[in-house]
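In: Mind folding the following:
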Amino acid sequence: MESTVFHDLTEKSSVASFVFNINTGKFIYANPAFASLVGANYDELTPNHLSEIIHPEDRVYAQKALADVLGHTLANYVQLRILVNNEIKWVRITASQDEDKTGEMLLYGNVADITSELENQLSFEKYANKKDAILNILAHDLAGPLSVINMLGSSLRSSIQDPADITQIDNIININTQAINLIREFTAREFLETADITLAKKRVNIAQKVREYVEEYQKSITDIKRTFNFFTSAENIFINVDEPKFFQILNNLTTNALKFTRDNGVITVSVIDKGDVVQFSVKDDGIGIPEKYKDILFDKFTDASRKGLQGEPTIGLGMYVIKNIIDWHNGTLWVNSTENMGTTIFFELPKI
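Out: Next up, the predicted model:
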């Protein structure tokens, strides 16, 4: 009775479901939603058909995911692309294996079409990238002039005698200092809010994500007075990564490049597929890092934490937190820098 009810519910469900016999290599059940999603009737469902509709760039990833399922090590779900009737769809697959009463090993799974969900998420992330770019530009463009106002105010104060004028200048300095502190607190809070140790990794097209990130800076070239370039070795490069923490790395490296690169300088962000890992770099032609700071660059609260060329604030944790995030991803981080010629920060993250 329970089996019949379950079967009837599954047949009418919009959630694609299947049962695959691992021993025989055949599907023993697939509901109409599954057949519709993969573009095949039940009697046409074979492992070969499913292999053929998986996007070529995702097939190695799919094989690894299947091995994880069979080895009972799959974490949560798998997201990949399928090509059905010349249309690319993103699907989320949840699967597990179990032994039936006759000793046969069965693979049970659900498949959901998440194409629209990812498109909406991509739209949201574009606005998030715009927000990050605006925040970094504001911190860069406002902190410098405000610091100069404070220095000029202090210099002027020492040269006047009238108590009323001194009071007015002190008011200006105090208000200006509050503005500088507000920028410092805002950028510090924005930086630290995703710096906790919990990772929520998912598979993302990192080449596309970084390209869109850089494009936001390219749109602001008049405001930031820097040229931003982007290079990738392939249009699509997929990696399992905690996306907010990854962009915390990129935000901080981009901010540093802005802080230590003069007007009309060039900043280049690169993404290179190197097989099992992806290499990222942020390169500038700025003032470089003094030799004495290189060994302590990734430590917290050291002299390597410097104000920017326009007095932009620092919280002394940036490179330290970045190194920790990269370590949590089992990645590597290193720097090439020459004073008065520029700096390139490299880091590599494993794809899986």
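
In: switch to C-alpha atoms for all contacts and neighbour counts from now on
Out: Fine.

In: Determine how far the helix or strand where Leu37 lies lies from the middle of the whole chain.
Out: Per DSSP states H and E: Leu37 is located in helix 32-38. Relative to the mean C-alpha coordinate of its chain, helix 32-38 is positioned 32 Å out (Cα atoms, centre = their mean, to the nearest Å).

In: same question, stretch 165-173
Out: In this view, stretch 165-173 has its centroid 45 Å away from the chain centroid, taken as Cα atoms, centre = their mean.

In: Would you agree His55 is in contact with Asn86?
Out: No - counting by Cα atoms under 8 Å, His55 stays clear of Asn86, with 11.0 Å between them.

In: These two: who's more crowded?
Out: Summary of the neighbour comparison: His55 and Asn86, criterion other Cα atoms under 10 Å, with His55 having more neighbours (18 against 8).

In: What strands line up against the longest strand seen in the chain, and which way round?
Out: Of all segments of type strand in the chain, defined using DSSP state E, the longest is strand 87-99. Applying DSSP bridges to the sheet, strand 87-99 is found paired with strand 78-84 (antiparallel), strand 105-113 (antiparallel).

In: Any chance you could list what contacts the shortest one?
Out: The list of residues contacting strand 78-84 from outside it, by Cα atoms under 8 Å, 6 or more residues apart in numbering, reads 38-39, 53-55, 58, 62, 65, 88-94, 203.

In: Distance from the chain centre to it, please.
Out: The mean C-alpha position of strand 78-84 is separated from the chain mean by 21 Å, Cα atoms, centre = their mean.

In: I'd like the average pLDDT over that strand.
Out: Strand 78-84 shows a mean pLDDT of 86 in the predicted model.

In: Report the buried residues of that strand.
Out: For strand 78-84, the neighbour count (16 or more other Cα atoms under 10 Å) marks Val78, Gln79, Leu80, Arg81, Ile82, Leu83, Val84 as buried.

In: Report the contact partners of the nearest residue to the fifth one once chain neighbours are set aside.
Out: The one in question is Ile82. Beyond its immediate neighbours in the sequence, the residue positioned closest to Ile82 (Cα to Cα, 6 or more residues apart in numbering) is Ile54, lying 4.4 Å away. By Cα under 8 Å, 6+ apart, the contact list for Ile54 reads Leu80, Arg81, Ile82, Leu83.

In: hmm, back to that, helices or strands next to the helix holding Leu37 in the packing?
Out: Contacting helix 32-38 under the criterion 3 or more Cα pairs under 8 Å, 6 or more residues apart in numbering; DSSP states H and E are the following elements: helix 2-12, strand 16-21.

In: Can you flag the weakest of these by average pLDDT?
Out: Checking each of the helices and strands packed on helix 32-38, the one with the poorest mean pLDDT is helix 2-12, at a mean of 66.

In: still on that earlier bit, quick check: the farthest pair among the contacts of strand 78-84?
Out: Longest distance between any two of those is 24.4 Å, between Gly39 and Arg203; criterion Cα to Cα.

In: Low-confidence stretches in this protein?
Out: Residues of the chain that meet the criterion pLDDT under 70 lie in 1-8, 72-76, 122-148, 150-151, 179-198, 222-223, 299-318.

In: And the strands in it?
Out: Counting by DSSP E, the strands of the chain are 16-21, 26-30, 78-84, 87-99, 105-113, 202-205, 226-232, 238-241, 265-273, 277-284, 332-338, 342-350.

In: Extract the CA atoms of the third one and return them as CSV.
Out: As requested, the backbone C-alpha atoms of strand 78-84 are provided in CSV (Å, rounded to 0.1, in the frame of the first residue of the first chain):
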residue,chain,number,x,y,z
VAL,A,78,26.1,18.1,-7.4
GLN,A,79,25.4,21.0,-9.8
LEU,A,80,26.2,20.6,-13.5
ARG,A,81,25.0,21.5,-17.0
ILE,A,82,23.1,19.3,-19.4
LEU,A,83,22.4,19.9,-23.1
VAL,A,84,18.9,18.9,-24.1
